[in-house]
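Asks: need a 3D model of the following:
(2 chains)
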Amino acid sequence: KAGVTQTPRYLIKTRGQQVTLSCSPISGHRSVSWYQQTPGQGLQFLFEYFSETQRNKGNFPGRFSGRQFSNSRSEMNVSTLELGDSALYLCASSVKGGMETQYFGPGTRLLVL
Amino acid sequence: GQQVMQIPQYQHVQEGEDFTTYCNSSTTLSNIQWYKQRPGGHPVFLIQLVKSGEVKKQKRLTFQFGEAKKNSSLHITATQTTDVGTYFCAGPMDSSYKLIFGSGTRLLVRP
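Replies: Model (predicted):
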């Protein structure tokens, strides 16, 4: 099976712009979670989607949003980018989510200038 | 809120020495998972522990789940340079679909 894929892998934006990141889960996986990882920090949970529904959300401002499509692919959007949004954004998929093993994609490295 | 704490934050060892990282949850966990992230890479699943007091081994790695299911440890015997990376524990938040990750322990191995 192909692994989790994320596009783009690298992105440079300027403050105030918006960005959309894409994640394609492993075939058959219906849960997609998004995490933000900053240098020296752990993995901060953004949100989790299952069958096109957001089931849980982390403590991030409303500028961070996401969605999931019927084919389980997911996108996350960050509007009005700030310098502090520079991070590695990881998505992870699992069959049903929750307590299951998470399979991570390679991440999208976002740099905000 | 529920928290998962991990210590130490960093560990620098000489190749051949042992290494241990500890994970503590503020609440009882239904299971604990361990992930490894190599420098420049993404987290990769290592193992999941479910039962109270469970011990699992993977070659030189030994994983343990506490009796109260609130703590866990990962022990590496005779570290090698290939063990370099950050080790994260993670546990599911009760009644949600959210996996909470510890802050990670970064392991550096001197050859």
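
Asks: quick one: the strands in chain B?
Replies: B:4-7, B:10-14, B:19-25, B:32-37, B:44-49, B:55-58, B:61-65, B:71-76, B:85-92, B:99-101, B:105-110 (DSSP state E).

Asks: no no, chain A
Replies: Under DSSP E, chain A gives strands at A:5-7, A:10-13, A:19-24, A:31-37, A:43-50, A:53-57, A:64-68, A:74-78, A:87-94, A:103-104, A:108-112.

Asks: quick check: angle from the third one to strand A:108-112?
Replies: The one in question is strand A:19-24. With axes from the mean of the first three to the mean of the last three C-alpha atoms, to 10 degrees defining the directions, strand A:19-24 sits at 180 degrees from strand A:108-112.

Asks: can you give the contact residues for strand A:19-24?
Replies: If you take C-beta atoms under 8 Å, 6 or more residues apart in numbering or on different chains as the criterion, strand A:19-24 is touched by A:4-8, A:11, A:13, A:32, A:34, A:72-78, A:81, A:89, A:91, A:93, A:105, A:108, A:110. Backbone N, C-alpha and C define where each C-beta goes, glycine included.

Asks: mind listing the strands the lowest-mean-pLDDT helix or strand in chain B pairs with, and their directions?
Replies: Taking mean pLDDT, DSSP states H and E as the measure, strand B:99-101 is the helix or strand of chain B with the lowest mean score, a mean of 87. If you go by DSSP bridges, strand B:99-101 pairs up with strand B:85-92 (antiparallel).

Asks: alpha carbons of the strand it pairs with, in PDB - could you do that?
Replies: Presented in PDB, the C-alpha positions along strand B:85-92 are these (Å, rounded to 0.1, in the frame of the first residue of the first chain):
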ATOM      1  CA  GLY B  85      16.100  10.600  16.900                       C
ATOM      2  CA  THR B  86      13.300  11.800  19.000                       C
ATOM      3  CA  TYR B  87      11.100   9.300  20.800                       C
ATOM      4  CA  PHE B  88       7.500  10.300  21.400                       C
ATOM      5  CA  CYS B  89       4.900   8.500  23.500                       C
ATOM      6  CA  ALA B  90       1.200   9.100  22.800                       C
ATOM      7  CA  GLY B  91      -2.000   8.200  24.400                       C
ATOM      8  CA  PRO B  92      -5.700   8.700  23.400                       C
END
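
Asks: kindly list the main-chain dihedrals of B:Arg60?
Replies: With angles defined as degrees, to the nearest 10, B:Arg60 sits at phi -90, psi 0.

Asks: excluding its backbone neighbours, what's nearest it?
Replies: Using C-beta to C-beta, 6 or more residues apart in numbering or on different chains and skipping the chain neighbours, the partner closest in space to B:Arg60 is B:Thr77 (4.6 Å).

Asks: just checking, the one you found touches B:Thr62?
Replies: Yes. Using C-beta atoms under 8 Å, B:Thr77 is in contact with B:Thr62, at 7.3 Å.

Asks: and the contacts of stretch B:6-23?
Replies: Stretch B:6-23 is touched from outside by A:42, B:4-5, B:24, B:32, B:71-81, B:83, B:87-89, B:102-111, with contacts defined as C-beta under 8 Å, 6+ apart.

Asks: do that again at 7 Å, thanks
Replies: B:4, B:32, B:71-81, B:87, B:89, B:102-111 (C-beta atoms under 7 Å, 6 or more residues apart in numbering or on different chains).

Asks: which parts of it are buried?
Replies: By 16 or more other C-beta atoms under 10 Å in any protein chain shown, the buried positions in stretch B:6-23 come out as B:6, B:11, B:19, B:21-23.
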